[in-house]
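> Just to be clear, the model below is a prediction. Sequence and coordinates:
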Amino acid sequence: MNRIHPSKLRHSKWTAVTPKNKEKHFLVTEVDYDDEGNVIDCVLEAIMTKQQYAIDWQDLKDTQVWKQGWV
């Protein structure tokens, strides 16, 4: 399990374990928080294609799908 603190999500780097459409490396470009500081929106951007994907930030904890950093 990847350990992530919600306040350090923005600009964090991620590698997809199983790349799709040649998209392997990603950067968290947008994170929105509610009044209590909980993450409500998280957007990943593929480095190669510049495609953006809205995801549940909790999915980044799954080590079978994501590796922290650019590997």
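Sure thing, it's come through.
> From here on, just use CA atoms for contacts and neighbour counts.
Fine.
> Gly69 is in contact with Asn2, correct?
No: Asn2 lies out of contact with Gly69 (Cα atoms under 8 Å); the separation is 10.7 Å.
> which residues are common contacts for these two?
Listed contacts common to Asn2 and Gly69 are nil; contacts here mean Cα atoms under 8 Å, 6 or more residues apart in numbering.
> Quick check: pLDDT value at Lys22.
Predicted confidence (pLDDT) at Lys22: the value is 92.
> Ramachandran angles for it?
Taking degrees, to the nearest 10, you get phi 60, psi 20 for the backbone angles of Lys22.
> how deep is it tucked in, by neighbour count?
10 (other Cα atoms under 10 Å).
> what separates it from Thr15, distance-wise?
Going from Lys22 to Thr15 by Cα to Cα, to the nearest Å gives 12 Å.
> Also Thr63?
10 Å.
> Compare the two and say which one has the larger neighbour count.
Neighbours per residue, other Cα under 10 Å: of Thr63 and Thr15, the larger number sits with Thr15, 20 against 14.
> looking at this, that one is in a strand?
Yes: applying DSSP: H, G, I helix; E, B strand; the rest coil, one finds Thr15 inside a strand.
> So for it, what's the pLDDT?
pLDDT, Thr15: 98.
> nearest spatial neighbour of it, skipping sequence neighbours?
Distances taken as Cα to Cα, 6 or more residues apart in numbering put His25 closest to Thr15, at 4.7 Å, once the chain neighbours are dropped.
> Would you confirm that that neighbour contacts Thr18?
No: His25 lies out of contact with Thr18 (Cα under 8 Å); the separation is 10.7 Å.
> so what's the residue nearest to Thr15 up against?
Lys13, Trp14, Thr15, Ala16, Ala46, Ile47, Met48, Trp70.
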